[in-house]
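>>> Return a 3D structure for these sequence lines:
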Amino acid sequence: VPMSRAGEYAVMAAVKDQRFSPIRLDELPGLTCSVSILHDYETAPSATDWVIGEHGIIINFRSDRGDRYNATYLPEVALEHEMAT
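The predicted structure follows:
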C-alpha cells in the first residue's frame, strides 16, 4: 500500500473494520496513532519460525473446500495479546 493512501486506510480501520465498534467522536481526544510497516517479507520454514514482538506475520492458507483465507499480525499485536509460539 503506498504511503499516500495511509490516511484512507486509517479511516477504514477506524470506522469500517467489522471486528471492532466504530470510533466515536467523543473518543478522539484520548486516541493515539502509530504506523507499522511490514517489509522485507520472507517465507518461514515453519509456523513457529518468528519472534513475537519483533516480526509481523502474514498467514495465507486454503481450507479443505478450497476457500482462501489470510491474516496479518503486526509485531506489537502479538505482544499486546500475549501470544506465544
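>>> Next SSE downstream of the helix ranked longest in the chain?
Counting by DSSP state H, the longest helix found in the chain is helix 6-15. The helix or strand immediately downstream of helix 6-15 is strand 57-62, counting by DSSP states H and E.
>>> Can you pull out the residues in contact with that following strand?
Applying Cβ atoms under 8 Å, 6 or more residues apart in numbering, the external contacts of strand 57-62 come out as Leu38, Tyr41, Ala44, Trp50, Arg68, Tyr69, Asn70, Ala71, Thr72, Tyr73, Ala78. In this view, the C-beta of every residue, glycine as well, is placed from N, C-alpha and C.
>>> now stretch 15-25
Ala14, Leu31.
>>> do the same with stretch 68-85
So stretch 68-85 is contacted by 34, 36, 38, 48, 50, 52-63 (Cβ under 8 Å, 6+ apart).
>>> among those, which ones are buried?
By neighbour count, with 16 or more other Cβ atoms under 10 Å, the contacts of stretch 68-85 hold Trp50, Ile52, Gly56, Ile57 as buried.
>>> ok, and the closest non-adjacent residue to the third one?
Of all residues not flanking Gly56 in the chain, Leu38 sits nearest, at 4.5 Å (Cβ to Cβ, 6 or more residues apart in numbering).
>>> show me what contacts that neighbour?
Gly56, Ile58, Thr72, Leu74.
>>> any chance of those residues in JSON lines, plus pLDDT and distance to Gly30?
Formatted as JSON lines, those follow (pLDDT from 0 to 100; distance: Cβ to Cβ, whole Å):
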{"residue": "Gly56", "pLDDT": "85", "distance to Gly30": "26"}
{"residue": "Ile58", "pLDDT": "87", "distance to Gly30": "30"}
{"residue": "Thr72", "pLDDT": "85", "distance to Gly30": "26"}
{"residue": "Leu74", "pLDDT": "86", "distance to Gly30": "21"}
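>>> Many thanks, we can stop here.
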